[in-house]
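K.L.:
Predicted coordinates and the sequence they were generated for:
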Protein chains: 2
Amino acid sequence: MSGEDAPAQQQNAVDQKQETKPAEEPKAEPPKTESAPAGTAEAAATPAATTDKAPEEETFTYRALVLTGYGGYDKVKLQVKKGKPALKAGEVLVRVKACGLNFADLMARQGLYDRLPSPPVTPGMECSGVVEAVGDEVTDRKVGDKVMVLNRYGLWQEVAAVPASHTFLIPDGMTFEEAAALPVNYITAYMMLFDFGNLRPNQSVLVHSAAGGVGIAATQLCKTVKDVTVFGTASASKHETISSGGVTHPIDYRTKDYVEEVRKISPKGLDIILDPLGGSDTHKAYNLLKPMGKLITYGAANMLAGQKKNLLAVAKNWYHQFSIHTLSLIQGNKSVCGFHLGYLDGETELITQAMNTILDLYKQGKVKPRIDSTWHLEQVGDAMRKMQERNNIGKVILTTEPMPEEEKKEETKKEDKKEDKKKDDKKKEDKKKDDGKKEEKKDDKKKEEPKKEEAKKEEEKKEEAKKEEK
Amino acid sequence: MSGEDAPAQQQNAVDQKQETKPAEEPKAEPPKTESAPAGTAEAAATPAATTDKAPEEETFTYRALVLTGYGGYDKVKLQVKKGKPALKAGEVLVRVKACGLNFADLMARQGLYDRLPSPPVTPGMECSGVVEAVGDEVTDRKVGDKVMVLNRYGLWQEVAAVPASHTFLIPDGMTFEEAAALPVNYITAYMMLFDFGNLRPNQSVLVHSAAGGVGIAATQLCKTVKDVTVFGTASASKHETISSGGVTHPIDYRTKDYVEEVRKISPKGLDIILDPLGGSDTHKAYNLLKPMGKLITYGAANMLAGQKKNLLAVAKNWYHQFSIHTLSLIQGNKSVCGFHLGYLDGETELITQAMNTILDLYKQGKVKPRIDSTWHLEQVGDAMRKMQERNNIGKVILTTEPMPEEEKKEETKKEDKKEDKKKDDKKKEDKKKDDGKKEEKKDDKKKEEPKKEEAKKEEEKKEEAKKEEK
């Protein structure tokens, strides 16, 4: 996952053209994001390379999602790139089948994640696929291997050249969707709980966003240890699902004070708290720790309010950012840890160890990624929206499978409606500001959006769950 | 270890009189520390208690060390107390044989440790001895049991009433000195390394003051895990001892920059750092951590400069006190923990678990407390000085064994010399301020001090070690 090894294909992109969404030209953006001066710099080197290569290398094209500038969902565009990515020693070329969406991708789109180079750039930290070619010095991967990939960025495209050490063999029986859903969430949850957290039998854990990707992974991993009590926050409609997934005490953070709810059941506090929120929630978490308790903070989701960078939310998060003196830690016998897989560059050994353990647990049937929904590359904006608006239960996945023609037509119709939608979004955001954290399910939105069958089924299940609750 | 259960005998002390050091009357102190108004408050209750008791209870006397006010080594005085401590339900009366000295006791004497009630009060967090009486509801201890005791304070005296749950049976073959040396240092080292630190094979650990009580315990515990590399700081004369005790890379912090020394051997940094120093050393430690590294801070020894509270040292420590933002933790994938056994009140289960594991390791011959020297209660000042001036290798122990008459006479002679010595100390402290950290061995002092044979042997060993180095 070192940045230096990152997507060769990105740099090879000599000719970038926009495939879809002609109506979506960035308004205030200089043309550089589309004509890619970053690519031009590489252009001098490319002809030399191509003379040595088969003509196929030149005619080779692939679709790639590209972040063209910081901002809303529409800043990620589908483009067609030309030229087969050249493999460096130690790299493999992966034909990507499915990609995972992560919170860091949402932060990155708003310019809040410094591990992603400046636009234009292809995001994506994890994917699954099939090895299509192997570079020199690669001994443990061969053409045809089904792999999952973890990389700093650059995986939301049809082919990706990545270091072989960033790939892991997909075990029998695991789908490409599951494989794309596993790396980031499970390694994150595993390292937090078992390295920093040192989770042991009889302990208690608070998992925020328990219906999210990391939340579900963390809950499953907690259940691999004897008699661990899991407190999980999620909106009420998701409680049934997370309960059946292993959460002992689901808490609706939208209607209840989670600190009070935890104290009612565990007056002394908790052994481990996983905090993806940041800001004032980190303070709450710290005070909710038992002696010898561990607070593991791994994000600042509180900074994400609305589609575009919300300066107020960012400032608020900074203002409330948790800062701790050692004397307080000593007197409280507490531990505060920070985790982000994106900053674990070069720790291949640690990551591989964690992954091997996770895959063993998968084979034993103890963990299994839960897919919320799968979207075509063209639908990346809607996929991101679903995640950011916390309407998912489990992982949001992109598939590289071509979109059926009839669905494409639907998409085009949607494009026409985009302007209206934007206005609508604007209204919603304004409303959200008034309502505070109270978010409403956008039922109307759901109806108009085409989904893959799997996603539809999930929706239906949730609808049923809601009905049952009523 | 809960404060509420603390020394009943302290409160029973109706009549306190000073036994030794008549020349040592505190100069600027109001008489209250000697006539003990804190005791007077209890006096009303005591007669009622004594009427129910056998006459022995009234004639019962015992010697106790009492902190009479904050300040230098002479603030801890030996007094004789009257009246057998009454046992509450769940308590046992322990006839104390040996007591351990800890850094917290030195801090407490200067008024820098808030877990010790205001003077007059008997310090002492650990001791060993024999159960002399058991209170109601005590089922797992009986008269004659050899025990070690861990308490918030009040153990530097000949008898102590303590909760039975704060006692642990001494295993066969362990001396009373070893038993008094074990609880605080080994539980501290154990919980830091294995709870917060989550120490695993092949990791690297930095142990500051590797020749101190916690340092030696930590080194021994590190060696129970496969292929752990221990970096240990100590002055050069102690290197041979700590090396043979398990330190892989001894570092003379007085002549070398320990950060540079560590980086030479381990360029990526360390997995675990135990930091008893505080202040700017905590910053250095943080920067020296590997990704997924854990900094465990457990003291502020840098605040201790000289006999009395040194406002400059305290202010400096506060000024440099480490404060950390979560964003830095996240981007570094680091953990910062604080530990102090004195604040783990009521965590009897955690402590008992740790203690049981440590005693198992002792029985397997994997850990063994190292005694630096043993001192009579009358010599507590010199014992504290030895520790504070970092002249010890291992644990400094007090014994309740009566001091032979001839040694007492020596002590009296010393008392006469005290005034000179004080002037001498003052000079030394002034010198120290100029020299910075350069501390000199006080060879002249060594010669004039009577020691128990064990202590003498240690000294001889060290002399030899020094000669070999020259």
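P.N.:
Alright, I've got the coordinates.

K.L.:
what about A:Val367, how many residues close to it?
P.N.:
Residues near A:Val367, counting by other C-beta atoms under 10 Å in any protein chain shown, number 23. To be clear about C-beta, it is placed using only N, CA and C from the backbone, and glycine gets the same treatment.

K.L.:
wait, it sits on A:Cys222?
P.N.:
No: using C-beta atoms under 8 Å, A:Val367 makes no contact with A:Cys222, being 10.6 Å away.

K.L.:
Could you report the distance from A:Lys386 to A:Gly394?
P.N.:
11 Å (C-beta to C-beta, to the nearest Å).

K.L.:
Need the overlap of contacts for those two.
P.N.:
Listed contacts common to A:Lys386 and A:Gly394 are A:Asp372; contacts here mean C-beta atoms under 8 Å, 6 or more residues apart in numbering or on different chains.

K.L.:
Up against chain B, what does the stretch 151-300 of chain A have?
P.N.:
Residues of the stretch 151-300 of chain A found near chain B (C-beta under 8 Å from any C-beta of the partner chain) are A:191, A:195-196, A:198, A:278, A:282, A:291-292, A:294, A:297-300.

K.L.:
Just flag the most distant two among these.
P.N.:
Maximum pairwise distance among those (C-beta to C-beta): 26.9 Å, between A:Pro291 and A:Ala300.

K.L.:
A:Glu372 looks like it's in a strand, true?
P.N.:
Careful, residue A:372 is Asp and not Glu. Yes: under DSSP: H, G, I helix; E, B strand; the rest coil, A:Asp372 falls within a strand.

K.L.:
what about it, how many neighbours?
P.N.:
If you count neighbours by other C-beta under 10 Å, A:Asp372 ends up with 25.

K.L.:
What distance do you get for it to chain B?
P.N.:
For A:Asp372, the distance to chain B equals 25 Å [C-beta to the nearest C-beta, to the nearest Å].

K.L.:
For the nearest residue to A:Gln388 once chain neighbours are set aside, pull up the helix or strand it's in.
P.N.:
Closest residue to A:Gln388 apart from its sequence neighbours, by C-beta to C-beta, 6 or more residues apart in numbering or on different chains: A:Leu106 at 5.3 Å. A:Leu106 is part of helix A:103-109 when elements are defined by DSSP states H and E.

K.L.:
Now do that helix: which elements does it pack against?
P.N.:
Applying 3 or more C-beta pairs under 8 Å, 6 or more residues apart in numbering or on different chains; DSSP states H and E, we find helix A:103-109 packed against helix A:380-388.

K.L.:
relative to helix A:380-388, how tilted is the helix or strand that the helix it packs on is followed by?
P.N.:
Counting by DSSP H and E, the next helix or strand C-terminal to helix A:380-388 is strand A:395-399. Strand A:395-399 runs at 170 degrees relative to helix A:380-388, counting by axes from the mean of the first three to the mean of the last three C-alpha atoms, to 10 degrees.

K.L.:
which other helices and strands contact strand A:395-399?
P.N.:
strand A:91-100, helix A:176-181, helix A:213-222, strand A:371-376, helix A:380-388.

K.L.:
Those into TSV, with extra columns for mean pLDDT?
P.N.:
Shown next, in TSV, are the helices and strands packed on strand A:395-399 (pLDDT from 0 to 100):
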stretch	mean pLDDT
strand A:91-100	98
helix A:176-181	98
helix A:213-222	97
strand A:371-376	98
helix A:380-388	95
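
K.L.:
Export these to JSON lines and append columns for distance to A:Tyr113.
P.N.:
As requested, the helices and strands packed on strand A:395-399 are exported to JSON lines (distance: least, C-beta to C-beta, whole Å):
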{"stretch": "strand A:91-100", "distance to A:Tyr113": "15"}
{"stretch": "helix A:176-181", "distance to A:Tyr113": "19"}
{"stretch": "helix A:213-222", "distance to A:Tyr113": "16"}
{"stretch": "strand A:371-376", "distance to A:Tyr113": "21"}
{"stretch": "helix A:380-388", "distance to A:Tyr113": "13"}
